[in-house]
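Kindly generate the corresponding structure for this input.
(one chain, ligands or ions: 2)
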Amino acid sequence: MKITHFSLGQIRVPLKTPFKTALRTVEMIEDIIVTLHTDTGHVGYGEAPATAVITGDTHGSIIEAIRHFIGPRLIGQEVADLNHAVRLIQTALERNTSAKAAVEIALYDLWGQRYGAPLYQMLGGGEPVISTDITISVDHIDKMVADSLSAIERGFSSLKIKVGKDIGLDVERVKAIYAAVEDRALLRLDANQGWSAKQAVHAMHALEDAGIRLELLEQPVKARDLKGLKYVTERIHTPVMADESVFGPQEVLDLVRMRAADIINIKLMKTGGLSGAILTADLAALYGVDCMIGCMLESSISVAAAVHLAVAKSDIITKVDLDGPSLCQFDPVEGGVMFNESEISITDAPGLGIRSIRGLQSLD
Ligand SMILES: C[C@H](N)C(=O)N[C@H](CCC(=O)O)C(=O)O
Ligand SMILES: [Mg+2]
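Numbers count the residues shown, from 1 in each chain. Ligands and ions are numbered 1, 2, ... in the order given. Below you'll find the predicted structure:
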């Protein structure tokens with residue numbers, strides 16, 4: 001099975017409710033889709049969101065990176081020579097992790113199809129069912145409480161509460177949600193870099209002293225502020241997770257050396273795809289650092305790849321934040337992974353199992 005050509009497209013999927021974090025507000029997923037075609041008639045699909053505030057990737061940079069740097073290198077490559085093709089992708093240009101991730105995902109999709117097996121089996125197997133949390137956007141307190149209760153009614157037992165907008169209000173937000181939810185869901189906080197280290201410690205002490213038990217606090221301080229992250233980690237009881245501070249293996253090593261956080265959030269769009277995510281997870285495991293698998297605002301194309309990885313690495317990846325598809329008004333994918341609110345399951349279909357993508361607009 002050889003890659004003959006590639007094509008680029010875009011999907012637009014409105015969100016059920018605006019996604020609001022300390023970094024940005026988004027109402028629609030508008031991701032770039034890459035399709036790899038082969039001489040056997042098989043197609044592989046990948047997806048990249050333009051999360052400029054985190055990865056630096058824009059629609060323009062993703063298209064340019066794939067069209068002129070990464071895609072042409074894959075023409076004529078044998079899918080079975082996976083490691084060689086991955087190397088071509090990863091060395092095509094610096095950074096551009098979302099563009100690399102999209103192409104890698106499409107390649108791994110083909111790799112599974114080449115051997116007639118679902119991707120998770122190719123990656124080592126596992127129980128093909130996982131459950132995800134759901135994000136509660138930062139908003140007025142009443143709205144966040146209502147959104148949390150509605151998520152519980154939809155069957156979610158783990159809520160990722162976005163904070164980081166206003167320190168005083170954030171404490172009140174979490175207290176109100178905690179009281180309303182009672183013990184029906186586990187709460188995770190994500191400040192998306194919105195606090196200073198001192199503010200984070202102050203806020204978390206206020207919550208901990210009030211008897212509020214939280215599963216973890218994600219990325220309280222600026223991405224580059226590893227000293228600040230360490231300052232927070234050393235002073236609060238709640239485990240601290242690094243997200244924007246850790247893209248791949250290099251940052252895992254920095255984090256481990258400094259003992260700056262307890263957990264890391266692995267995302268395919270930060271690692272440049274599955275190969276980097278596997279390396280990152282294995283390295284974290286070597287140092288006893290717990291892992292979450294997360295996503296950006298992605299639909300069920302690239303999130304499917306993360307699901308396959310989560311299943312195959314469930315011994316290392318113990319926390320799941322793959323709620324992108326649950327935030328969408330509709331699923332643009334025919335086939336593939338089944339997203340049913342908090343429950344995510346994988347069928348026996350080879351690769352990612354994607355049969356077609358609805359509403360895919362060509363960019364060629
Ligand atoms: C969608 C996911 N639950 C999430 O919250 N991801 C964010 C970044 C998403 C974005 O801004 O596109 C995170 O973990 O920080
Ligand atoms: Mg985060």
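
and the closest residue to ligand 2 within the stretch 101-250 of the chain, what is it in contact with?
Nearest residue of the stretch 101-250 of the chain to ligand 2: residue 243, at 3.6 Å (C-beta to the ion). No exception for glycine: its C-beta is placed from N, CA and C like everyone else's. Each residue near residue 243 by C-beta atoms under 8 Å, 6 or more residues apart in numbering is listed here: 190, 192, 218, 219, 264, 265, 267, 294.

which of the residues you listed are close to ligand 2?
Among the contacts of residue 243, proximity to ligand 2 is found for 190, 218 (C-beta under 5 Å from the ion).

Secondary structure added to the contacts of residue 243, as JSON lines?
Formatted as JSON lines, the contacts of residue 243 follow (DSSP: H, G, I helix; E, B strand; the rest coil):
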{"residue": "190", "secondary structure": "strand"}
{"residue": "192", "secondary structure": "coil"}
{"residue": "218", "secondary structure": "strand"}
{"residue": "219", "secondary structure": "coil"}
{"residue": "264", "secondary structure": "strand"}
{"residue": "265", "secondary structure": "strand"}
{"residue": "267", "secondary structure": "coil"}
{"residue": "294", "secondary structure": "strand"}
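
Farthest-apart pair in the contacts of residue 243, please.
192 and 264 (15.4 Å; C-beta to C-beta).

May I see the buried residues of the longest strand anywhere in the chain?
Taking DSSP state E as the criterion, the chain has its longest strand at strand 3-20. Of the residues in strand 3-20, 3, 6, 7, 8, 9, 10, 11, 13, 15, 17, 19, 20 count as buried by neighbour count, 16 or more other C-beta atoms under 10 Å.

Equivalent analysis for stretch 296-316, please.
Under 16+ other C-beta under 10 Å, the buried positions of stretch 296-316 are 296-314, 316.

Identify those among the residues you listed that sit within helices.
The members of the buried residues of stretch 296-316 that map onto helices under DSSP state H are 302, 303, 304, 305, 306, 307, 308, 309, 310, 311, 312.

Tell me who's in contact with the closest residue in space to the third one that isn't next to it in sequence.
This means residue 304. In this structure, residue 304 finds its nearest non-sequential neighbour in residue 337, 4.1 Å apart by C-beta to C-beta, 6 or more residues apart in numbering. By C-beta under 8 Å, 6+ apart, the contact set of residue 337 is 300, 303, 304, 307, 308, 344, 345, 346, 347, 352, 353.

With residue 165 instead?
Contacts for residue 165 (C-beta under 8 Å, 6+ apart) come out as 22, 138, 194.

CSV please, covering the residues you listed and showing neighbour count and distance to residue 163.
Below are the contacts of residue 165 laid out as CSV (neighbours: other C-beta atoms under 10 Å; distance: C-beta to C-beta, whole Å):
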residue, neighbour count, distance to residue 163
22, 19, 7
138, 25, 6
194, 23, 7
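
Between those, which sits nearest residue 271?
residue 22 (22.7 Å).

circling back: close to ligand 2, is the longest strand of the chain?
No: applying C-beta under 5 Å from the ion, one finds strand 3-20 out of contact with ligand 2, separated by at least 11.9 Å.

and that strand, what does it pack onto?
strand 25-38, helix 71-74, helix 97-114, helix 324-327, strand 361-362 (3 or more C-beta pairs under 8 Å, 6 or more residues apart in numbering; DSSP states H and E).

Now do the shortest one: which elements does it pack against?
Going back to what we said before, that points to strand 361-362. Secondary-structure packing of strand 361-362 (3+ C-beta pairs under 8 Å, 6+ apart): strand 3-20.

tilt between the strand it packs on and strand 25-38?
170 degrees (axes from the mean of the first three to the mean of the last three C-alpha atoms, to 10 degrees).

Ligand 2 versus the most centrally placed residue in the chain, what's the distance?
Central residue of the chain (C-alpha atoms, centre = their mean): residue 295, 1.5 Å from the mean position. In this view, residue 295 and ligand 2 are 10 Å apart by C-beta to the ion, to the nearest Å.

Many thanks, we can stop here.
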